[in-house]
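**Student:** Give the three-dimensional model of this entry:
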Amino acid sequence: MTTLEISELNITKKELHAPSLNEIKDVLEQGLIKNFSEVQVEVVDCPDLTQKPFTLAAPGLNKNATLFEIGGPSFLLPSVQRNKLYNIQELLNNVQCCKDSFVIGAGAGPWPHLNSNCELIMNMVVSSSGVKNETRISTVNQTNGDCILQTLPNSETRLALLANLFVSEGKPGPVLKVHAKKRTGSDDFIACMQKAIARHYKHELVGLGGTFLMSNGKIKQHVMPDFSKTPLNTETQLNNWLYFYNMSTPLIAVGTFVSSESDLDLRVQHFHSFSHHGEGGHYHIDTTPESIEYLGYFNVGTTLYRVDKPLTALQFGKD
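**Tutor:** Modelled structure (predicted):
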């Protein structure tokens, strides 16, 4: 199955409102303290994210920080559009947002690789010297329902249907360090921060991306099985199709969140996680609020590319 040509894709570029890290630090903290008993948000020099516990493909989140929103759930539901297959390497070369690109984020994996639908946990460096691909895909064992986590080869740079990606040159530099423990509210870790920027930046589009580590608890996550043979027309049908798990920590999540859907039909938050113990999927919320701990590093995007926006927005399953 060939990927869509760049000439076939409608690509919209939008400059984002990019508040200083010191300004947005206070905004995020206000959102988190309503939902966690221990919160600390700081501006720090990014640690080397290639090292444990994060084990990402590049050390930092700086230089030319850009968000990519590709496709959307409308291409999956109610019935899948299998032709919606994208090559991220070709896309990055076309828009030339970064000299060398470090790409992290959440999406749907390249179904032709396994001849099956799968979750994408993108973690890749695309440079003039080639591709360093540490991207994982998560699938469902159709025999016993177990989660299967695999690493993609360097040659596999495709994704399907939808993705929310944070792209930078992967350089060291200042970032937001977010530490939260013991959830006391009903919102998940990312929702706390997303709602905070939505309240504060009501008339501006603000976008962030990065990574966070979950430890000391269990996490509700889903994994998409292979494409449904029957249309999924309601949220109930969608949830019955998905496989939900109570996954063990530590888990490392990557993705993006924005202040609003705007006129571009954006997904306001989307994070997928991987692990080194065979579990990974779409992050929902921790199920052990009394013990959970989050440690994240994020940066503010300056530009957003909306790629292949669906003509019709989906009315359910947006989280």
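
**Student:** Poorly predicted segments of the stretch 51-200 of the chain, please.
**Tutor:** For the stretch 51-200 of the chain, no stretch is flagged by pLDDT under 70.

**Student:** Tell me which stretches of it form strands.
**Tutor:** Secondary structure of the stretch 51-200 of the chain (DSSP state E, counting those that start in this stretch): strands at 66-71, 85-87, 101-108, 119-127, 130-133, 136-140, 147-151, 158-168, 174-183.

**Student:** between the ones you listed, which gets nearest to residue 232?
**Tutor:** Nearest to residue 232 among the strands of the stretch 51-200 of the chain is strand 158-168 (13.2 Å), distances taken as Cβ to Cβ. Quick note: C-beta positions are derived from backbone N, CA and C, even for glycine.

**Student:** Make CSV out of the strands of the stretch 51-200 of the chain and add distance to residue 4 and mean neighbour count.
**Tutor:** As requested, the strands of the stretch 51-200 of the chain are exported to CSV (distance: least, Cβ to Cβ, whole Å; neighbours: other Cβ atoms under 10 Å):
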stretch, distance to residue 4, mean neighbour count
strand 66-71, 10, 26
strand 85-87, 6, 21
strand 101-108, 14, 28
strand 119-127, 16, 25
strand 130-133, 19, 16
strand 136-140, 20, 25
strand 147-151, 24, 17
strand 158-168, 10, 27
strand 174-183, 33, 21
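
**Student:** As JSON lines, these with distance to residue 43 would be great.
**Tutor:** Listed next are the strands of the stretch 51-200 of the chain as JSON lines, based on distance: least, Cβ to Cβ, whole Å:
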{"stretch": "strand 66-71", "distance to residue 43": "20"}
{"stretch": "strand 85-87", "distance to residue 43": "34"}
{"stretch": "strand 101-108", "distance to residue 43": "20"}
{"stretch": "strand 119-127", "distance to residue 43": "24"}
{"stretch": "strand 130-133", "distance to residue 43": "28"}
{"stretch": "strand 136-140", "distance to residue 43": "30"}
{"stretch": "strand 147-151", "distance to residue 43": "33"}
{"stretch": "strand 158-168", "distance to residue 43": "17"}
{"stretch": "strand 174-183", "distance to residue 43": "6"}
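
**Student:** Compare those strands and give me the one nearest residue 213.
**Tutor:** strand 174-183 (9.9 Å).

**Student:** just checking, what packs against the closest one?
**Tutor:** helix 21-32, strand 36-45, helix 189-200, strand 207-215, strand 293-300 (3 or more Cβ pairs under 8 Å, 6 or more residues apart in numbering; DSSP states H and E).

**Student:** Other residues contacting that strand?
**Tutor:** The contact list for strand 174-183 (Cβ atoms under 8 Å, 6 or more residues apart in numbering) reads 21, 24-25, 28, 32, 35-46, 60-62, 189, 192-193, 208, 210, 212, 286, 289-300.

**Student:** Kindly report the same for stretch 42-50.
**Tutor:** Defining contact as Cβ under 8 Å, 6+ apart, one finds that stretch 42-50 is touched by 21-22, 25, 54-62, 172-177, 211, 297.

**Student:** Name only those of those that count as buried.
**Tutor:** Neighbour-count burial (16 or more other Cβ atoms under 10 Å) applied to these gives 21, 25, 54, 56-62, 172-177, 211, 297.

**Student:** Burial check on residue 13, number of neighbours?
**Tutor:** 12 (other Cβ atoms under 10 Å).

**Student:** Alright, that wraps it up for me.
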